[in-house]
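**Q** Quick one: sequence and predicted model below, then my questions.
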Amino acid sequence: MLPRADDRILELADALELRVVSADNFLDFHRAYPWLPGSRGRFLRPFLGPDGRIGVRPRIKPVPAEWQVSRKEEEGLLLEAGVLRRWAPSAHHSVLSRDGHCPEPGCPLFGGGDRPSTALPRRRRDRVLCPTHGQPLTDAGPRPRRAQVKVLMGGTVKGRFMVTAGEPLAVGRAPADGGVPLGAWIGDASVVSVSRTHVVLSYDGKALTVVDERSANGTRIRHNRPAEDELLPLRHGTLWRPRPGDSVMLHDRLELLPSGRRFVFEEDATDGTVGPGPAAGAVAAPTMLGLSPDLPSTDGRNGQDDPDGSTGGDGGTGGGGQR
């Protein structure tokens, strides 16, 4: 019996090639175990038969979009910190929308600096605490809404940056006035194709928008489609609002991908540019086996999962994640 069984179960399945009985898609482990997406023959789904007996049937793991994996990883972080509670699924908004100050002098995460903290607090019962000192945080006003954008080169995440609501951000090879320079993340072949200021991103607190103001070689939008991705040119001066799964292509191998995370936080203060996040295995959310009489009779279909890529097996019984 473990407080969180997911990582141990997948570790055993990986090492001993055992099959797993679960309705969970384990989205927050897809980076740690690349064999999970699309897996066949390694997972069984439980179902309740008409006679009341429990049976299992083979299932095919879905291949989720990048934003779905990111959102599930964020859910795991929030659960681990006690900020997200399954019995109060929206209560964490009030915690994450406010900035706090730690009473401990010189606290590196929630000190009294000019900028709001970017750290994730902890919650124990009804108290919001500093994760370093365990002291209750005093309310310091609303926290600016921010969105995270990933920089991908050849499909690999090279870095991340933040876009703050109400503050347009220039992105390019070497933009002026506090923009995001991509030169440190991309190779020489791509540098010549990216304009000094290629695009400008804006965030209104709910959605990102992108505009190509004056790039020399143009910008394209990649629409994620089940069969084949669709590429559309972004005309100069046209404002575009990417949908979940869309990416902004500045070059054939260089693209900007909005993260699926609804809340942006880091473990230490940054200047807006951060590196790749922690390993997926360290932020896993507890998952329950969970049985329901109305479990679907077919398997391997993405349509049975919720928009975050989870299933009825995710925390279904509220029993602390024990297996």
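**A** Arrived safely.
**Q** going forward, measure contacts between C-alpha atoms and count neighbours the same way
**A** OK.
**Q** And the residue nearest to the spatial centre of the chain, how close does it get to residue 222?
**A** Closest to where the C-alpha atoms of the chain average out (CA atoms, centre = their mean) is residue 70, at 2.1 Å. From residue 70 across to residue 222, the span is 18 Å (CA to CA, to the nearest Å).
**Q** just checking, the residue nearest to the centre of the chain touches residue 257?
**A** No: using CA atoms under 8 Å as the test, residue 70 is too far from residue 257 to be in contact (11.2 Å).
**Q** What segments of the stretch 201-323 of the chain are strands?
**A** Using DSSP state E, counting those that start in this stretch, the strands found in the stretch 201-323 of the chain span residues 208-211, 219-223, 230-234, 239-240, 247-249, 254-258, 273-274.
**Q** can you put these in JSON lines and add mean pLDDT?
**A** Formatted as JSON lines, the strands of the stretch 201-323 of the chain follow (pLDDT from 0 to 100):
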{"stretch": "strand 208-211", "mean pLDDT": "94"}
{"stretch": "strand 219-223", "mean pLDDT": "91"}
{"stretch": "strand 230-234", "mean pLDDT": "89"}
{"stretch": "strand 239-240", "mean pLDDT": "92"}
{"stretch": "strand 247-249", "mean pLDDT": "93"}
{"stretch": "strand 254-258", "mean pLDDT": "91"}
{"stretch": "strand 273-274", "mean pLDDT": "40"}
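**Q** Can you say which of those is nearest to residue 82?
**A** Set against residue 82 and scored by CA to CA, the strands of the stretch 201-323 of the chain come closest in strand 273-274, at 24.2 Å.
**Q** Which parts of the stretch 151-300 of the chain are helices?
**A** 188-191 (DSSP state H, counting those that start in this stretch).
**Q** quick revisit: which element is the residue nearest to the centre of the chain on?
**A** helix 66-80 (DSSP states H and E).
**Q** tell me the angle of that helix relative to strand 254-258?
**A** Angle of helix 66-80 versus strand 254-258, following axes from the mean of the first three to the mean of the last three CA atoms, to 10 degrees, is 50 degrees.
**Q** what's the spacing between helix 66-80 and its chain's center?
**A** 5 Å (CA atoms, centre = their mean, to the nearest Å).
**Q** Sort out which residues of the next helix or strand after it are buried, please.
**A** Note on helix 66-80: by DSSP H and E, the next helix or strand toward the C-terminus is helix 92-96. Neighbour-count burial for helix 92-96, counted by 16 or more other CA atoms under 10 Å, picks out 92, 95-96.
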